[in-house]
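Chemist: Structure, please.
(3 chains)
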Amino acid sequence: MVERVVAWFEESARDLPWRAADRSPWGVLVSEVMLQQTPVVRVEPAWRAWMAAWPTPADLAAASTADVLRAWDRLGYPRRALRLQECARAIVARHGGRVPDDEEALLALPGIGAYTAAAVRAFAFGRRSVVLDTNVRRVLARVVAGAALPAPSLTAGEVRDAAALVPADDVAAARWAAASMELGALVCTARSPRCEVCPVASSCAWLARGRPADDHPGRRRTQAWAGTDRQVRGRIMALLRDALHPVPLHAVDAVWPDAAQRTRCLESLEADGLVTRVPPASIDDEPTFTLPA
DNA sequence: GACGCGTGGAG
DNA sequence: TCTCCAAGCGT
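Modeler: Numbers count the residues shown, from 1 in each chain, chains lettered A, B, ... in the order given. Down below sits the predicted model:
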């Protein structure tokens, strides 16, 4: 299983910039944060521009947050950009500007969770770690468990199964991590898996069972989008990203008709540190809003 | 453990 | 059109 997936990876791996021979641990970390819930095609150009602007943690640590949020552009979930800058500052403060390679130190960084810490160890440092993302979970659910999709949330059993598969050797383990993720991304996809070209089709429990449908009851349905705070927050952020000057309140008002919701979103953005409110100069004026300096 | 958090492309 | 989904994290 591991052997065949790795062999397939050797000839099928995408040529991504954060996999280049001259990549830095910082570049890998940046890519992993950008890739949290955002597709590769949208991350690639943003990553190139980002690394050109801030090639080291110290560079990002010293940047203006407004510039950082503009460079994040429309990758989505802009709080990730904030955390990435906090992460850079923590790397400078705690680790002399070098990305740490031990699990505990990585996990302690803002925006770095179990997946990203494991991925950075494997891809940036070639160290053995259990890299268990949505791709790997899906591959193992199918090949090993014979299910269409993994459980809605990560189970202890999955972690145990995944850990048991990871080769003992550092280099082999890192290759397996990359290969199993790539298989999930390119072949063992969520929507229409390409079992015809899968290197482990002959040993896939799900395929052997005739690809039964997902049997997880009450799978979390995606939140309706129209009218959500997320949509409103997104509109406000887009307005401020594109603005050359502080935006007066009445201009913010124009992005959404519901005043109560608008106010709630503006305040939550301020609380998140994504928006700065500039008080009016005189009592007759209105406040203005900008991205944080 | 469940929720909230952006965005845009594909089927 | 609308639904689903894309290398999760923090609370």
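Chemist: for the stretch 51-200 of chain A, what spans make up the helices?
Modeler: For the stretch 51-200 of chain A, the helices defined by DSSP state H, counting those that start in this stretch occupy A:57-62, A:65-72, A:79-95, A:103-107, A:114-125, A:134-143, A:156-165, A:170-186.
Chemist: Can you tell me which of those helices is nearest to DNA strand B?
Modeler: helix A:79-95 (5.3 Å; CB to the nearest atom of the strand). All C-beta atoms are positioned from the backbone trio N, CA, C, and that covers glycine.
Chemist: Any idea how far apart the tips of stretch A:27-45 sit?
Modeler: 13 Å (CA to CA, to the nearest Å).
Chemist: My error: substitute stretch A:197-216 in the last question.
Modeler: 27 Å.
Chemist: all strands of the stretch 151-293 of chain A, in order?
Modeler: Assigned by DSSP state E, counting those that start in this stretch, the strands in the stretch 151-293 of chain A fall at A:247-248, A:276-278, A:288-290.
Chemist: now the last one: mean pLDDT?
Modeler: Averaged over strand A:288-290, pLDDT sits at 98.
Chemist: just the shortest one next, same as before
Modeler: Mean pLDDT, computed over strand A:247-248, is 98.
Chemist: Distance from the chain centre to that strand, please.
Modeler: Distance of strand A:247-248 from the chain centroid (CA atoms, centre = their mean, to the nearest Å) equals 31 Å.
Chemist: Next, the contact list for the residue nearest to the spatial centre of chain A, please.
Modeler: With distances taken as CA atoms, centre = their mean, the residue of chain A nearest its centroid is A:Gln36 (1.0 Å). For A:Gln36, the contacting residues are A:Tyr77, A:Arg80, A:Thr116, by CB atoms under 8 Å, 6 or more residues apart in numbering.
Chemist: Try it again at 7 Å.
Modeler: Applying CB atoms under 7 Å, 6 or more residues apart in numbering, one finds that A:Gln36 lies in contact with A:Arg80.
Chemist: before we move on, the earlier item: any chance of a markdown table for the strands of the stretch 151-293 of chain A, columns distance to DNA strand C and mean neighbour count?
Modeler: Rendered in a markdown table, the data for the strands of the stretch 151-293 of chain A read as follows (distance: least, CB to the nearest atom of the strand, whole Å; neighbours: other CB atoms under 10 Å):
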| stretch | distance to DNA strand C | mean neighbour count |
| --- | --- | --- |
| strand A:247-248 | 26 | 18 |
| strand A:276-278 | 19 | 15 |
| strand A:288-290 | 23 | 18 |
